[in-house]
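Asks: sequence plus the predicted model coming up.
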Amino acid sequence: MALVIVNILDLLARQGRKQTEELLQTFSCPLNTEIQTFLWNKSIDFSLQKISITHLVFNEKKEIVAYFTLSPKVVSISCEHLSSSLQKKLRRYGLYDTTSNSIEASAYLIAQFGKTPPFRLKTAFPATD
């Protein structure tokens, strides 16, 4: 099964807002209506405002079978219990704050994740019970 991931901003640029909204309405997640509601009502505005960016997963029939939303966040890592060599490595990816003795770095948070009920994602990790 070939899947294609499309950034919602690319979709908006190609199809416009009205067609993108209509396409999003075809996604259904009855097991978690909050996931469905976010995609239908908030994903476009959040992406345009760069609060978070939604990525749509399409199957070969061009149906939305899943989506995920990434949100940029700043994480603060306390240096109190870190070795000096680890602190040095982390400073390559963030800024040291002398006031709090911590390193602040950018990270991505998976803010939303949704899939249609019959769709099964294959992962590199085995399921655990």
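Replies: Structure's in. What do you need?
Asks: only C-alpha atoms from now on, for both contacts and neighbour counts.
Replies: Will do.
Asks: just the CA atoms of stretch 34-46, as PDB, please.
Replies: Output of stretch 34-46 as PDB, limited to C-alpha atoms (Å, rounded to 0.1, in the frame of the first residue of the first chain):
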ATOM      1  CA  GLU A  34     -12.000  15.600  19.100                       C
ATOM      2  CA  ILE A  35      -9.500  14.400  16.500                       C
ATOM      3  CA  GLN A  36     -12.000  14.800  13.700                       C
ATOM      4  CA  THR A  37     -13.100  18.200  15.000                       C
ATOM      5  CA  PHE A  38      -9.600  19.500  15.100                       C
ATOM      6  CA  LEU A  39      -8.900  18.500  11.500                       C
ATOM      7  CA  TRP A  40     -12.200  19.900  10.300                       C
ATOM      8  CA  ASN A  41     -12.300  23.200  12.200                       C
ATOM      9  CA  LYS A  42      -8.800  24.200  13.400                       C
ATOM     10  CA  SER A  43      -6.000  22.600  11.300                       C
ATOM     11  CA  ILE A  44      -6.100  25.100   8.500                       C
ATOM     12  CA  ASP A  45      -6.000  28.200  10.800                       C
ATOM     13  CA  PHE A  46      -3.400  26.700  13.100                       C
END
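Asks: in that stretch, what's buried?
Replies: For stretch 34-46, burial by neighbour count (16 or more other CA atoms under 10 Å) applies to I35, Q36, T37, L39, W40, S43, I44, F46.
Asks: could I get the full set of strands for this protein?
Replies: Under the criterion DSSP state E, the chain contains strands at 4-7, 53-58, 64-78, 94-97, 102-115.
Asks: the second one pairs with which strands, parallel or anti?
Replies: By that I understand strand 53-58. Sheet pairing for strand 53-58, assigned by DSSP bridges, gives strand 4-7 (antiparallel), strand 64-78 (antiparallel).
Asks: now the angle between strand 102-115 and that strand, please.
Replies: Relative orientation of strand 53-58 and strand 102-115, computed by axes from the mean of the first three to the mean of the last three CA atoms, to 10 degrees: 30 degrees.
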